[in-house]
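Undergrad: okay, here's the prediction I keep looking at, along with the sequence it came from:
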Amino acid sequence: MAILASNSLGQSFVLGEGLSANTDDILEVAYLLAIEGIPYLWCTDHTGGVLLGSGSNSWISLYEGDAQFTGHEDIGQRQVVAGLRMPRQLSRGELNPKTGTLETTTVTFDLLDVDGFLPRLFASEGKDADVLSARVAPGTTAIAGNLTIQGGDVTPAAEKYIGLERLGPAGERAWFNPFPWQGIGHHHQVANDIPNGPPKTLVSEEPLQFAGRRCALYRLTRRIQPGSVSHADWAPWHEQGGPEWFGVLRDTGEYRANATWSIGAFGPESLLRRRMGTFDSSWTRVSGAEVTLTDEQRQFAIAFFTQNGSDAITTYDSIGFGTVTLPASGTKEDFIAAIASEAQDVFDNTTPSDWGSSTMATEDFGSTKTVQLSFTSSGVEIERDGTEGTVAMVGCVIAMHETLWRLLGYDLVAQDIGLYDELQSERDIPFRHLEPNEDRFYNLSNSTNNGERPDHPGYWSGYFTTRALGFGMAEAHYLTHWWSSEPES
């Protein structure tokens, strides 16, 4: 048992046996280890063992019975057991300045098998399992019915293990989360039965897989006061503060002498590892996210142009700023549909030619060359027919707010090249940042239309043309193939 003391000067120190001090506040400290999907919580020694137990008259029930956790915790489901032995030190990781990642750390916890269930818990022998044969999507909605297993059979989802995830008594997702809040159920894919393929997802009544389970260590405290000790003297789990340490299990551990099970884990870097500090990214695109735009972010402009063999650029149909606005909210697919619709409306001739795809908008530029445009979730495709003539290249310039460019997956900085620079990759796109009321959304010699300049900041124009890789804008004469540009991510 550890006693933490602090005096009126704010100084803290640990009291060992035989020591005493005149203190204003003395705390008892215990440590608690939680493992994802496992109903047991292991605890260090403490006065009276009052943290141990399960059910309505237990310390863990103060958490399970709290109204805010209704639906993903039930009183009596979890059990606090004795036997946790703390390691000599806990490493929280160290940043490698060269790679920008956290160094790998490990820690080993010793669990004394006080109640005699550890061999069964960590064993894989003698446990029946089925193979999942229908994908289970991530989420928090309970699986009320059955799980489909190999052979076309079904099994009730309630209280089953799917890989690392434990389902609750009514099919609740992420049961026994190692953190005192509602978890999100994992994505369980179905692996094909191929040699050396990915592992199959097992469905069982007992845990089979331990490597990769998240785990967390908590530091629990109570203020020591005269009189008997009760579990109510310790604040509930969710009021004790965040984890002292967290990570993922490395394996099922190994048995040591004196009824002790040793289980290893990787440290916080196992959940935090990423390239940290090596690039500057101020945004993250979330798949399926619904975005709401302000009125200042909804402006849209588009123009089509051609370039002849003498480098002369001619602008054909266009929609300037202030003519149309994009929807106020929607998903990526919603905005793609809106942009494609506006591009279609620009064209004089909406009947596809016999050489192109009926899914593309079509325009006849002065009876000299025909162009088609397709704006989809995978990118922008612009195409012209291969007939030789005075038109060397056709192009489209689109201007909209950076919020939308990024929602669609484009990186305005990483993909940007100069307007007249040679294309080195299919992901190279000339982007231009537009100063409000100053820069025209297409910088073309004869652009005299109204609505060329945005009224608000944050707008960028992107140029999509039929010039080939290795060519600059002025070199793209009489090219007959088209170029497809795709989002960076």
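TA: Thanks, I have it. Numbers count the residues shown, from 1 in each chain.
Undergrad: going forward, measure contacts between C-alpha atoms and count neighbours the same way
TA: Fine.
Undergrad: show me the strands in the stretch 151-300 of the chain, by range?
TA: 154-156, 161-162, 165-166, 202-204, 214-223, 245-249, 254-256, 260-266, 291-292 (DSSP state E, counting those that start in this stretch).
Undergrad: nearest to residue 42, of those?
TA: Among those, the nearest to residue 42 by Cα to Cα is strand 214-223 (9.5 Å).
Undergrad: contacting residues around the closest one?
TA: If you take Cα atoms under 8 Å, 6 or more residues apart in numbering as the criterion, strand 214-223 is touched by 25-36, 178-179, 233-235, 237, 240, 242-249.
Undergrad: and the residues you listed, which are buried?
TA: Among the contacts of strand 214-223, those buried by neighbour count (16 or more other Cα atoms under 10 Å) are 26-36, 178-179, 233-235, 237, 243, 245-249.
Undergrad: which elements pack onto the top helix by length along the chain?
TA: Looking across the chain with DSSP state H, the single longest helix is helix 332-346. In terms of contacts (3 or more Cα pairs under 8 Å, 6 or more residues apart in numbering; DSSP states H and E), helix 332-346 is packed against strand 313-319, strand 361-365, strand 369-376.
Undergrad: buried ones in stretch 183-192, by neighbour count?
TA: By 16+ other Cα under 10 Å, the buried positions in stretch 183-192 come out as 183-186, 188-191.
Undergrad: got a list of contacts for it?
TA: With Cα under 8 Å, 6+ apart as the criterion, stretch 183-192 contacts 132-140, 162-163, 165, 173-175, 177, 197-201.
Undergrad: ok, now with 10 Å
TA: If you take Cα atoms under 10 Å, 6 or more residues apart in numbering as the criterion, stretch 183-192 is touched by 36, 72, 131-142, 149, 162-167, 172-177, 197-202.
Undergrad: measure the closest residue to residue 251 other than its chain neighbours to residue 200 for me?
TA: Spatially, and ignoring its direct neighbours in sequence, residue 251 is nearest to residue 211 (4.3 Å; Cα to Cα, 6 or more residues apart in numbering). Separation of residue 211 from residue 200 (Cα to Cα, to the nearest Å) stands at 15 Å.
Undergrad: check residue 416 too.
TA: Counting by Cα to Cα, the gap from residue 416 to residue 200 is 42 Å.
Undergrad: need the contact list for residue 405.
TA: Neighbour list for residue 405: 332, 399, 411-412, 459-462, 487 [criterion: Cα under 10 Å, 6+ apart].
Undergrad: can you tell me the SS state at it?
TA: Here residue 405 is recorded as helix under DSSP: H, G, I helix; E, B strand; the rest coil.
Undergrad: and it, what pLDDT?
TA: pLDDT, residue 405: 88.
Undergrad: mind telling me which of the helices and strands packed on helix 332-346 the model trusts least?
TA: strand 361-365 has the lowest average pLDDT among the helices and strands packed on helix 332-346, namely a mean of 47.
Undergrad: setting aside sequence neighbours, what's the nearest residue to residue 338?
TA: With Cα to Cα, 6+ apart, the residue lying closest to residue 338 is residue 326, at 6.7 Å.
Undergrad: for that neighbour, give me its contacts.
TA: 293, 295, 297-300, 334-335, 338-339, 342, 400.
Undergrad: that one and residue 464, how far apart?
TA: Distance, residue 326 to residue 464, using Cα to Cα: 20 Å.
Undergrad: and the residue lying closest to residue 70 once chain neighbours are set aside, what are its phi and psi?
TA: Closest residue in space to residue 70, ignoring its immediate chain neighbours: residue 64 at 7.9 Å, by Cα to Cα, 6+ apart. The phi and psi torsions at residue 64 (degrees, to the nearest 10) take the values phi -60, psi -30.
Undergrad: number of nearby residues for residue 64?
TA: Neighbour count for residue 64, taken as other Cα atoms under 10 Å: 25.
Undergrad: quick check, it in contact with residue 177.
TA: No. Look at residue 64 against residue 177 with Cα atoms under 10 Å: they stay out of range, at 11.8 Å.
Undergrad: list residues touching both of these two?
TA: With Cα under 10 Å, 6+ apart as the test, residue 64 and residue 177 both reach 72-73.
Undergrad: for the stretch 1-150 of the chain, what spans make up the helices?
TA: Listed in chain order, the helices of the stretch 1-150 of the chain (DSSP state H, counting those that start in this stretch) span 61-64, 118-122.
Undergrad: nearest to residue 82, of those helices?
TA: Among these, helix 118-122 sits nearest to residue 82 (Cα to Cα), with 12.0 Å.
Undergrad: could I get the average pLDDT for that closest one?
TA: 91.
Undergrad: tell me what it is packed against?
TA: Applying 3 or more Cα pairs under 10 Å, 6 or more residues apart in numbering; DSSP states H and E, we find helix 118-122 packed against strand 254-256, strand 260-266.
Undergrad: got a pLDDT number for residue 386?
TA: Reported pLDDT for residue 386: 55.
Undergrad: same check on residue 38?
TA: In this model, residue 38 carries a pLDDT of 96.
Undergrad: not counting residues beside it along the chain, what's closest to it?
TA: residue 176 (6.0 Å).
Undergrad: residues near that neighbour, how many?
TA: Close neighbours of residue 176, defined as other Cα under 10 Å, add up to 26.
Undergrad: give me every residue that touches it.
TA: So, once contact is read as Cα under 10 Å, 6+ apart, residue 176 ends up touching 34-41, 72-73, 77-78, 165-168, 182-183.
Undergrad: quote the end-to-end distance of stretch 242-253.
TA: End to end - Cα to Cα - stretch 242-253 spans 26 Å.
Undergrad: repeat for stretch 208-219
TA: Where stretch 208-219 begins and where it ends lie 28 Å apart, using Cα to Cα.
Undergrad: flag the shaky bits of the stretch 201-350 of the chain, pLDDT-wise.
TA: For the stretch 201-350 of the chain, the stretches with pLDDT under 70 are 273-289, 307-318, 346-350.
Undergrad: can you report how many residues neighbour the closest residue to residue 296 other than its chain neighbours?
TA: Nearest non-adjacent residue to residue 296, counting by Cα to Cα, 6+ apart: residue 456, 6.1 Å away. Neighbours of residue 456 under the rule other Cα under 10 Å: 15.
Undergrad: over to residue 376?
TA: 15.
Undergrad: tell me which residues touch the closest residue to it other than its chain neighbours, please.
TA: Excluding the flanking residues, the one nearest residue 376 by Cα to Cα, 6+ apart is residue 336, at 6.3 Å. Contact analysis of residue 336 by Cα under 10 Å, 6+ apart lists 330, 342, 375-377, 379, 404, 408.
Undergrad: might you list the low-confidence residue ranges for the stretch 51-200 of the chain?
TA: 99-100, 192-195.
Undergrad: wait, which of the helices and strands packed on helix 118-122 is closest to residue 47?
TA: strand 260-266 (22.0 Å).
Undergrad: send me that closest one as CSV with only the CA atoms.
TA: The C-alpha coordinates for strand 260-266 follow below in CSV (Å, rounded to 0.1, in the frame of the first residue of the first chain):
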residue,chain,number,x,y,z
THR,A,260,1.7,-15.6,-11.3
TRP,A,261,0.8,-14.8,-14.9
SER,A,262,3.1,-12.3,-16.7
ILE,A,263,1.5,-10.3,-19.6
GLY,A,264,3.3,-7.9,-21.8
ALA,A,265,2.1,-4.8,-23.7
PHE,A,266,3.3,-2.1,-26.0
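Undergrad: done for today, thanks.
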